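Q: return a 3D structure for these sequence lines:
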Amino acid sequence: MIAAILGWIGTAGTLVAYLSLSRGWLSNASRRYAALNIVGGVLGGTASALYGAWPSAASNYAWAAIGAMSVTALYRGGTARTRLPAEACAVS
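A: Coordinates of the predicted model:
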């Protein structure tokens, strides 16, 4: 029962994060967006691990780790997403 509750809360968190990004309510560089993904990934990963669904657990923990890297970059004063200079993207 606990695994199911954790899984549903985690799934809801990641879906709310994606919906908020898609609707423009949150930026992909916002701490709130990253936090929703971290919490959702950890809860979903924990629920998956409790059920023994290891591929799902691994992908959820990877999702949370990516969110954690984004938060780390934001707190260091960088951006969660780096952009290439226009010259590097030009096609000859």
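Q: spatially central, which residue of this protein would that be?
A: In the chain, the centroid-proximal residue (Cα atoms, centre = their mean) is Asn37; its distance is 3.2 Å.
Q: from Leu15, how far out is that residue?
A: According to Cβ to Cβ, to the nearest Å, Asn37 stands 11 Å off from Leu15. (C-beta placed from N, C-alpha, C; glycine too.)
Q: mind showing which ranges of the chain have poor pLDDT?
A: 78-92 (pLDDT under 70).
Q: what comes up buried for the host helix or strand of Ala4?
A: Element membership for Ala4 (DSSP states H and E) is helix 2-23. Buried residues in helix 2-23, defined by neighbour count with 16 or more other Cβ atoms under 10 Å: 3, 6-7, 10, 13-14, 16-17, 20-21.
Q: farthest pair within these?
A: Ala3 and Leu21 (27.2 Å; Cβ to Cβ).
Q: so what's the backbone phi/psi at the residue nearest to the centre of the chain?
A: Dihedral pair for Asn37: phi -70, psi -40, per degrees, to the nearest 10.
Q: quick check: chain neighbours aside, which residue is closest to it?
A: Closest residue in space to Asn37, ignoring its immediate chain neighbours: Gly67 at 3.7 Å, by Cβ to Cβ, 6 or more residues apart in numbering.
Q: same deal with Ala4?
A: With Cβ to Cβ, 6+ apart as the measure, Ala47 is the residue that lies nearest to Ala4, at 7.0 Å, once sequence neighbours are left out.
Q: and if you look at Ala17?
A: In this structure, Ala17 finds its nearest non-sequential neighbour in Leu36, 3.7 Å apart by Cβ to Cβ, 6+ apart.
Q: next one: Ile66
A: Nearest non-adjacent residue to Ile66, counting by Cβ to Cβ, 6+ apart: Asn37, 7.3 Å away.
Q: next one: Ala58
A: Distances taken as Cβ to Cβ, 6+ apart place Gly45 nearest to Ala58, at 7.7 Å, with adjacent residues excluded.
Q: sorry, back to before: give the contact list for the residue nearest to Ala17.
A: Shown in contact with Leu36 (Cβ atoms under 8 Å, 6 or more residues apart in numbering): 13-14, 16-17, 20, 67.
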